[in-house]
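Chemist: what shape does this take:
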Amino acid sequence: MEQRLEAIRSHVQKLAVILKYGELIILERNYVTLCTTEEEVLEYVIILEKRTLSGRIQENMSIYLQDLNRGDSRDPFMPFKIPGEDWDRKMEKRKSMWKISKRVYQLFNARGEKYLYLVEHINITILEKMYDEDFTDRLLPDAWTRRQ
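Modeler: Here you go, the predicted structure:
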């Protein structure tokens, strides 16, 4: 509860700075009321839903599908360097390394391994958090289609 209060406190302090002497703000779930000695104004506030990473990935599927069509597979490979220490630490933290590895293999086996060096938006986080249906029903079939 103290952490929640601390998060709210920073927002309240920002509001307090802009209030004039004698003004009062009353906050409720969907309403904000500004009171002065002369009048009171009530306004309905729309609270936006916080999107999850998986939801944002699903909304951006068209970008990932476009990423498969980048460059020419006959172009020479660019050197691919993996920073040793940081890479190992990041991969140890990942609980779903097997899932990521499998998806990377499936995707670039379907599209062609040369495209591994050309993609800009598809990364291990995207592949990890992407819904199974989006990967198996949309991204992977599109990769196989573009290979032919």
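Chemist: now do Ile124 against Gln13, distance only.
Modeler: 39 Å (CB to CB, to the nearest Å). Glycine gets a C-beta too; all of them are placed from N, C-alpha and C.
Chemist: the more surrounded of those two?
Modeler: Ile124 (17 against 9; other CB atoms under 10 Å).
Chemist: before we move on, what's the pLDDT of the more buried one?
Modeler: Looking at Ile124, its pLDDT stands at 84.
Chemist: what segments of this structure are strands?
Modeler: 24-27, 31-35, 40-44 (DSSP state E).
Chemist: partner strands of the second one, parallel or antiparallel?
Modeler: When you say that, I think you mean strand 31-35. Using DSSP bridges, strand 31-35 pairs in its sheet with strand 24-27 (antiparallel), strand 40-44 (antiparallel).
Chemist: reformat those as TSV; add mean pLDDT.
Modeler: Below are these laid out as TSV (pLDDT from 0 to 100):
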stretch	mean pLDDT
strand 24-27	81
strand 40-44	78
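Chemist: can you put these in a markdown table and add distance to Lys129 and mean neighbour count?
Modeler: Formatted as a markdown table, the strands paired with strand 31-35 follow (distance: least, CB to CB, whole Å; neighbours: other CB atoms under 10 Å):
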| stretch | distance to Lys129 | mean neighbour count |
| --- | --- | --- |
| strand 24-27 | 33 | 12 |
| strand 40-44 | 34 | 9 |
